[in-house]
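[1] The following block contains a protein sequence and its predicted model.
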Amino acid sequence: MQGAPFNSTPDGFPDPVTFGRELSPRAPEHRAIKQLHAALKRCDAATPLPAQVAGLEALFAWLASRRSVPSFPEAPREPVHVTRLRWLLLAVDRLPSVRSRLAQSVSFVLAESVGGGLFGRLGLPTDRGFLAETIDRISRGLLPEPIDERDLAQLLGKLFPSTASLRALEGTPAELMAQLFCALGGTQQDTSPWAPLLEHLTDACSLLALRISATGLSDVIRARSPRTRLVSSPFHRLPRAVDRLLESLREYRAAAADPHQGALRLRARMDHCHETMHGCRTTTDEVVKNLEKFGVSVDVVYRVELVGQSLDRLTLLLRQLEPYSELSRASEAKALLAELARLRLRDRKLTDIARGNLHLLARKIIERAGHTGEHYITSSRREYVLMLLSAGGGGVLTTGTAALKFLIGSAHFAPFVEGMLATCNYGGSFIVMQLLGFTLATKQPSMTAAALAGTLRDSAHHPDLSALVTMIARITRSQLAAAIGNVGMVIPATLAFNAFWRSRHDGAAFLNQETAEHVLQSLHPTQSGTIFYAALTGVLLWSSSIAAGWLENWAVYRRLPEAIAQHRYGRVLGRGTMRWLSRFLQRNIAGFGGNSTLGFLLAMTPIMGKFLGLPLDVRHVTLSTGALTLAICSLGFSSEASHAVYPAMLGIAIIGCLNFGVSFLLALAVAWRAREAKRSDQLRLIASVLATFFRSPLQFFIPPAHDAASPVHGPVSVPPPPAH
């Protein structure tokens, strides 16, 4: 029926009645057929660019609509959007004026538009850095976007404005898209409406190659890349390889004297380009390995991510230039279009940039915390006893911390001064514990959880989890030993301190009656905020472990121990002294960072609560036990005080459980996520632990006589005493 006479408008386009009869004789008045006619009529090359963009937008909206259409003759049952595409193909095939009108409109829009933003920048991080990119994405999410009718990225957003339209594109058969491309003029002639699109693609390839080269040859990447001459670097060779490829493509499309030789030359240069890109990926892999060894920087990771994503995009674009069959070319074009549409929909989200750039940093911080956590895991009975003694020393030292806390509070300093003095009290006490080899039990869970997550990742593909369960049993009893040592020694040490205080102050207890009653009331599990404050303290304990890992990673990345060992002060102090300082810093910097952070958080959280008018406070099990002991020494176990003492004791038990539980679960969740542990591995581990506990519960509390099992990939315990 192609070429049959029909009534038309003055510009040659058929009127709605004729259009309906020619297209669907059985349902010429159907609403969908009329809407298709209206959408095609708006695609007029004689109108300005905004009008033509609106016409294409209306046509794609018609294609993505879920409303019913007349059943297509001799077609199987299929999604509505596929049937609508078949009706469009039928209109283009039967009505030459429709084909000409649509082809001219597509050609005009593509020729007048700029495609660099669509193919070369959409979805890719900029080279301005992590912070600038984050601010830019926030701004784009909050501020309206100026309309640019010539921007193909904006046009793509209009044609595929939702995930439903994207799913419709992904579900469209590639053979139908190939038919549409060919019907509108094919892809091989220079007069094809798709010719401007090819120019945008080649320009984007050149742009991406230059961008990858500039990023890969930057100082921070070159300093961590394998040593090689500049001219031998794949980043240096990539732009030239792409330029030669595009030159071969132009010769091939110009129908050279020997098309077969042109195709062979194009294929050879395509292979060379992919080989050079593989070299770039290998170099970035070496950069990441060096980061794993020498510390992680957000800026370096950002550049590595930029190179990796740009190489992925360049690979997608080069696939569009290979000499495929029409069906294969349509499949590749569909894949590229779907990927770009998906990126356009999430272009303003921060999750992608945060996931890619902070993941490696988070993993490295967790690894540092996990390495520190290995010091808290005991295996033999000797190590278990040493952990008890180490924790006992921490409990004795905590007595002085609790007493100094009350002295600072009784002085009624300004809130900021009080907070800073309390920070010095807590932080100084924790650092002294570290230097003396004592243990603070509540610091253990967040550290040991990171070590556990690392072992879980290493043993993920091993069917036998007995060694991993043994490690969990060691962690459990080690933390129990630390808690017993802290609480068990803080009580007698506090009693001794109060007795000493009475001997020096005419029999007066350290706490007056009013303060002692306030302590009992503040530890009541239901009549105060003890439960919430204890959980909040667990969050603070976990945060301090993150700070410890971050500071150690920062020091390693900056090569601070090396710098100290080689510092010019060695001429005065001696090289041996500087090397000792270097080793001392390397062993203790994580502890210094974590202890200082924990002291600051414990001290300043109540102060910030007062400043903001929020009910914020902390409940640390060892400090609270010392405070409760001082309160009991002041009030005694009289009948009037006993009704408040026993609920306070219950509060201490709840505080201990929440301090340990919240910090452990937070650290384990973050560590598992950073190490990409699968949910199935987690569930398998939990089931194995429960089965082992019910079969042999004693090993979770006391070391067996012979504990020779070790984790799947190396030991997890080190000789005591613990370093932090």
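    Happy to help now that I have it.

[2] List the contacts of residue 592.
    Residue 592 makes contact with 431, 434, 551 under the criterion CB atoms under 8 Å, 6 or more residues apart in numbering. C-beta: built from backbone N, CA, C; applies to glycine.

[3] okay, now the domains of the protein?
    The chain breaks down into these structural domains: 1-112+160-186, 361-700 (assignment by automatic domain parsing).

[4] Tell me which helix or strand in the chain has the weakest average pLDDT.
    Within the chain, no helix or strand scores below helix 351-373, which has a mean of 55 by mean pLDDT, DSSP states H and E.

[5] among the domains of the chain, which is nearest residue 316?
    The stretch from those with the least distance to residue 316 (CB to CB) is domain 1-112+160-186; that distance is 15.3 Å.

[6] quick check: mean pLDDT across the closest one?
    Looking at domain 1-112+160-186 alone, the average pLDDT works out to 82.

[7] what does stretch 303-314 give?
    Per-residue pLDDT values over stretch 303-314 give a mean of 89.

[8] Give me the buried positions along that stretch.
    For stretch 303-314, burial by neighbour count (16 or more other CB atoms under 10 Å) applies to 303-311, 313-314.

[9] So which residues make contact with that stretch?
    Residues outside stretch 303-314 that contact it (CB under 8 Å, 6+ apart): 119-120, 123-125, 127, 205, 208-209, 211-212, 215-216, 218, 220-221, 242, 277, 280-281, 284, 287-288, 356-357.

[10] Restricted to strands, list those residues.
    Counted as lying in strands by DSSP state E, out of those, is not a single one.

[11] Mind checking which of the residues you listed land in helices?
    Assignment to helices by DSSP state H places the following of the contacts of stretch 303-314 there: 205, 208-209, 211-212, 215-216, 220-221, 242, 277, 280-281, 284, 287-288, 356-357.

[12] what about residue 28, which SS state?
    Here residue 28 is coil, with the state taken from DSSP: H, G, I helix; E, B strand; the rest coil.

[13] Who are the contact partners of it?
    For residue 28, the contacting residues are 17, 20-21, taking CB under 8 Å, 6+ apart as the criterion.

[14] Need phi/psi at it.
    For residue 28, the backbone dihedrals (degrees, to the nearest 10) come out as phi -70, psi -20.

[15] what comes into contact with the helix or strand containing residue 247?
    When secondary structure is defined using DSSP states H and E, the element that contains residue 247 is helix 234-253. Helix 234-253 is contacted by residues 188, 190, 202, 205-206, 209-210, 212-213, 215-217, 230-231, 259, 262-263, 265-266, 269-270, 272-273, 276-277, 279-280, 282-283, 314, 318, 321, 323 when judged by CB under 8 Å, 6+ apart.

[16] and if we set it to 7 Å?
    Taking contacts as CB atoms under 7 Å, 6 or more residues apart in numbering, the residues outside helix 234-253 that touch it are 202, 205-206, 209-210, 212-213, 216-217, 230, 262-263, 265-266, 269-270, 272-273, 276-277, 279-280, 283, 321.

[17] Return the members of these classed as buried.
    Buried members of the contacts of helix 234-253, counted by 16+ other CB under 10 Å: 202, 205-206, 209, 212-213, 216, 262, 265-266, 269-270, 273, 276-277, 279-280, 283, 321.

[18] hang on, the earlier thing: adding distance to residue 333 as columns, could you present the domains of the chain in a markdown table?
    Supplementary listing: the domains of the chain in a markdown table, determined by distance: least, CB to CB, whole Å:
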| stretch | distance to residue 333 |
| --- | --- |
| domain 1-112+160-186 | 7 |
| domain 361-700 | 33 |
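
[19] where in the stretch 151-300 of the chain is pLDDT low?
    Where the stretch 151-300 of the chain drops to pLDDT under 70, the residues are 186-191, 255-259, 292-298.

[20] 50 instead, please
    Along the stretch 151-300 of the chain, the parts satisfying pLDDT under 50 run over 187-189, 257.

[21] again with the stretch 551-700 of the chain
    Across the stretch 551-700 of the chain, nothing is flagged by pLDDT under 50.

[22] For it, which segments count as helices?
    Across the stretch 551-700 of the chain, reading from the start of the chain, the helices by DSSP state H, counting those that start in this stretch fall at 560-565, 570-573, 575-612, 621-635, 639-674, 679-695.

[23] can you pull the buried residues of the longest one?
    By neighbour count, with 16+ other CB under 10 Å as the criterion, the buried positions of helix 575-612 are 578, 581-582, 585-586, 588-607.

[24] picking that back up, just the buried residues out of the contacts of stretch 303-314, in PyMOL syntax.
    Taking 16+ other CB under 10 Å as the burial criterion, the selection of buried members of the contacts of stretch 303-314 in PyMOL is written as:
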select buried, resi 119+120+123+124+125+205+208+209+211+212+215+216+218+221+242+277+280+284+287+288+356+357
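
[25] what would the contacts of residue 28 look like in CSV with neighbour count?
    Rendered in CSV, the data for these read as follows (neighbours: other CB atoms under 10 Å):
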residue, neighbour count
17, 14
20, 19
21, 16
